[in-house]
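Visitor: Sequence plus the predicted model coming up.
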Amino acid sequence: MQAHIFFFHLLLILLTARLFAEIASRLRMPSVIGEIMAGILIGPSILGIIQHDETIKLLAEIGIILLLFEVGLKTDARRLLEAGSKSTVVAIGGFIMPFLLGFLVAYYMLDMGLLVSLFVGGALTATSIGITVRVLSDLGRQHHREGQIVLGAAVLDDILGVLLLALIYEFSIGGGISLLNASKVLLFVTIFFILAPFAAMLMSRLIRKLDNISETPGLIPTTIVSLVLFFALLAHYIGAPELLGGFAAGLALSRRFFLPFGVAIKTDKKFAGVIEHQMAPIISLFTPIFFVSVGLSVNLQEINWGSAFVWGLTGTLLIAAAVGKFAGAFLLREKLPQKIMIGLAMIPRGEVGIVFAELGRVSGICCNEVYASLILVILLTTMLPPFLMRWIYRRWPHYYDEKNPGKGSA
């Protein structure tokens with residue numbers, strides 16, 4: 001590709017991503033929906049201006065690594081301890097059930113291959129903590145009972161989703177299920193959880209000292225991006241997907257990270273805040289490229305929309321995605337209105353679900369029809385719950401007033 005054509009493509013991607021993200025936000029939808037729609041508009045599905053070539057894929061790869069870095073950086077694992085066993089029940093139930101339902105639908109009902117079925121099930125597991133936090137914050141419910149349970153569960157869901165992604169990715173590049181390769185990935189994760197707090201403390205001290213003596217600006221974002229890329233390379237050489245390295249780097253530098261079993265090693269909260277603040281513009285630049293590339297990778301014109309397979313798969317997976325998350329909420333001993341709201345808040349798939357679908361497509365495991373169905377399910381599960389949550393809270397506010405919880409029961 002000639003330089004001027006690449007500049008035009010990048011210009012168009014950034015501007016349309018920003019415009020459509022702004023429109024989505026004003027319509028009370030997650031901004032990622034707008035960015036995906038921008039890719040569909042300028043890609044082969046509608047206008048055909050930009051193709052999903054290798055250059056865009058590389059930029060998107062940087063975007064996805066930084067996106068998972070941000071997820072790790074903002075992961076507040078202490079919420080899980082604060083919400084206690086209820087968050088754990090919701091997270092594990094809402095993780096296992098969608099995975100099993102998606103896998104069973106793909107493998108037994110639709111006669112798909114084992115790896116395809118694993119990707120389908122995996123795409124239904126995650127809960128987008130970013131979208132969930134945004135909706136609960138907009139509604140002023142993040143500190144209420146159901147809000148605390150959901151936020152704690154979403155944290156654990158994110159971690160479980162990324163771990164499952166690493167395992168299934170390993171199966172896809174290895175050509176099948178291998179206990180040896182799976183053990184290698186799990187060993188990497190285990191070692192990381194043991195060493196990450198110490199590594200975070202040492203890295204933050206070193207970067208802080210270098211920043212104090214540096215005579216040129218920009219040292220923090222340069223060293224942090226280098227660190228993220230190093231973690232991504234490390235993950236690749238161990239056999240895990242690069243994006244898991246980005247997640248690991250973010251989690252290690254998170255000011256909210258804690259060592260399992262309650263042994264906390266606190267990093268400098270102020271400096272961690274500086275890292276988050278200075279990295280925000282870089283993350284905001286690259287992550288929209290990934291979501292636009294998702295839209296670019298879908299060619300809606302090649303899909304047979306009259307196919308019973310596409311609509312059957314989309315409808316079935318949509319039901320499985322919703323039922324699976326409600327299953328976790330209904331395991332709680334809470335009143336029915338709280339169960340309904342917790343289940344709804346756990347449904348949005350968002351970024352991690354898209355990452356699953358994209359890896360399935362890139363690895364050649366998922367065909368165009370399966371990939372399109374997964375994207376449709378992820379879009380619908382991401383867009384609809386926020387509207388339903390707002391409507392229910394405004395329609396029956398007395399059921400969620402903790403001073404007057406109403407008469408709902410389970």
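Guide: Ah, there it is.

Visitor: Confirm for me that residue 172 is in contact with residue 366.
Guide: No. With contact defined as Cβ atoms under 8 Å, residue 172 does not reach residue 366; the gap is 9.8 Å. Where you see a C-beta, it was placed from the backbone N, CA and C, and this is true even at glycine.

Visitor: Now do the shared contacts for the two.
Guide: Residues within reach of residue 172 and of residue 366 at once, by Cβ atoms under 8 Å, 6 or more residues apart in numbering, are 119, 360.

Visitor: Look at the two and report which has more neighbours.
Guide: residue 366 (25 against 21; other Cβ atoms under 10 Å).

Visitor: three-state assignment of the more buried one?
Guide: Under DSSP: H, G, I helix; E, B strand; the rest coil, residue 366 falls in the coil class.

Visitor: Also the one 4 residues further on?
Guide: Under three-state DSSP, residue 370 falls in the helix class.

Visitor: Quick one, grab the pLDDT at it.
Guide: Turning to residue 370, the model gives it a pLDDT of 86.

Visitor: now swap in residue 9 and tell me
Guide: You'll see residue 9 listed with a pLDDT of 91.

Visitor: Test my guess that it contacts residue 50.
Guide: Yes. Residue 9 lies in contact with residue 50 (Cβ under 8 Å); the separation is 5.1 Å.

Visitor: Quick check: neighbours shared by the two?
Guide: By Cβ under 8 Å, 6+ apart, residue 9 and residue 50 have these common neighbours: residue 56.

Visitor: out of the two, which sits in the more crowded spot?
Guide: Legend: neighbour count by other Cβ under 10 Å for residue 9 and residue 50, higher for residue 50 (23 against 20).

Visitor: these two touch, right, the more buried one and residue 42?
Guide: Yes. When contacts are counted by Cβ under 8 Å, residue 50 is listed as touching residue 42 (5.2 Å).

Visitor: Please enumerate the shared neighbours of the two.
Guide: Common contacts of residue 50 and residue 42 (Cβ under 8 Å, 6+ apart): 12, 13, 296.

Visitor: what sits against the first one?
Guide: The reference is to residue 12. Contacts here follow Cβ under 8 Å, 6+ apart; on that basis residue 12 touches 42, 49, 50.

Visitor: what about the last one, which SS state?
Guide: When you say that, I think you mean residue 50. Assigned with three-state DSSP, residue 50 falls in the coil class.

Visitor: Relative to residue 304, how far out is it?
Guide: 24 Å (Cβ to Cβ, to the nearest Å).

Visitor: swap in the first one?
Guide: Here the distance between residue 42 and residue 304 works out to 23 Å (Cβ to Cβ).

Visitor: so what does whichever strand or helix holds residue 375 touch, helix or strand wise?
Guide: Using DSSP states H and E, residue 375 maps to helix 368-395. With contacts defined as 3 or more Cβ pairs under 8 Å, 6 or more residues apart in numbering; DSSP states H and E, helix 368-395 has these neighbours: helix 31-42, helix 114-123, helix 129-138, helix 308-329, helix 336-346, helix 350-362.

Visitor: that older thread, now the contacts of residue 12 as CSV including pLDDT and distance to residue 273?
Guide: What follows is these, written out as CSV (pLDDT from 0 to 100; distance: Cβ to Cβ, whole Å):
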residue, pLDDT, distance to residue 273
42, 93, 36
49, 92, 40
50, 89, 37
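
Visitor: next helix or strand past the helix or strand bottoming out on mean pLDDT in the chain?
Guide: Lowest on mean pLDDT, DSSP states H and E among the helices and strands of the chain sits helix 78-83, with a mean of 57. As assigned by DSSP H and E, the chain's next helix or strand after helix 78-83 is helix 85-104.

Visitor: What is that following helix packed up against?
Guide: By 3+ Cβ pairs under 8 Å, 6+ apart, helix 85-104 packs against helix 78-83, helix 114-123, helix 145-174, helix 308-329, helix 336-346.

Visitor: now do 10 Å
Guide: On a contact count with 3 or more Cβ pairs under 10 Å, 6 or more residues apart in numbering; DSSP states H and E, helix 85-104 meets helix 78-83, helix 114-123, helix 145-174, helix 308-329, helix 336-346, helix 368-395.

Visitor: Which of those sits closest to residue 291?
Guide: With respect to residue 291, and counting by Cβ to Cβ, the nearest of the helices and strands packed on helix 85-104 is helix 368-395 at 11.1 Å.

Visitor: Where does pLDDT dip in the stretch 201-350 of the chain?
Guide: Counting by pLDDT under 70, the stretch 201-350 of the chain contains low-confidence ranges at 201, 204, 235, 238-272, 350.

Visitor: Relative to residue 151, how far out is residue 341?
Guide: Where residue 151 is concerned, residue 341 sits at a distance of 13 Å (Cβ to Cβ).

Visitor: Now do the same contact list for residue 106.
Guide: Going by Cβ atoms under 10 Å, 6 or more residues apart in numbering, residue 106 touches 112-114, 116-121, 313, 316-317, 320, 370.

Visitor: Could you check how far it is from residue 348?
Guide: 21 Å.

Visitor: Can you tell me the SS state at residue 215?
Guide: Per three-state DSSP, residue 215 ends up coil.

Visitor: State the number of residues packed around it.
Guide: Here the number of neighbours of residue 215 (other Cβ under 10 Å) works out to 5.

Visitor: what does the one 10 residues further on give?
Guide: A count of neighbours around residue 225, defined by other Cβ under 10 Å, yields 19.

Visitor: what's the distance between it and residue 113?
Guide: Distance, residue 225 to residue 113, by Cβ to Cβ: 38 Å.

Visitor: so residue 140 makes contact with residue 389?
Guide: No. Counting by Cβ atoms under 10 Å, residue 140 sits too far from residue 389 to count as a contact (12.0 Å).

Visitor: so what's the residue nearest in space to the middle of the chain closest to, chain neighbours aside?
Guide: The centroid of the chain falls nearest to residue 352 when counting by Cα atoms, centre = their mean (2.6 Å). Closest residue to residue 352 apart from its sequence neighbours, by Cβ to Cβ, 6 or more residues apart in numbering: residue 126 at 3.5 Å.
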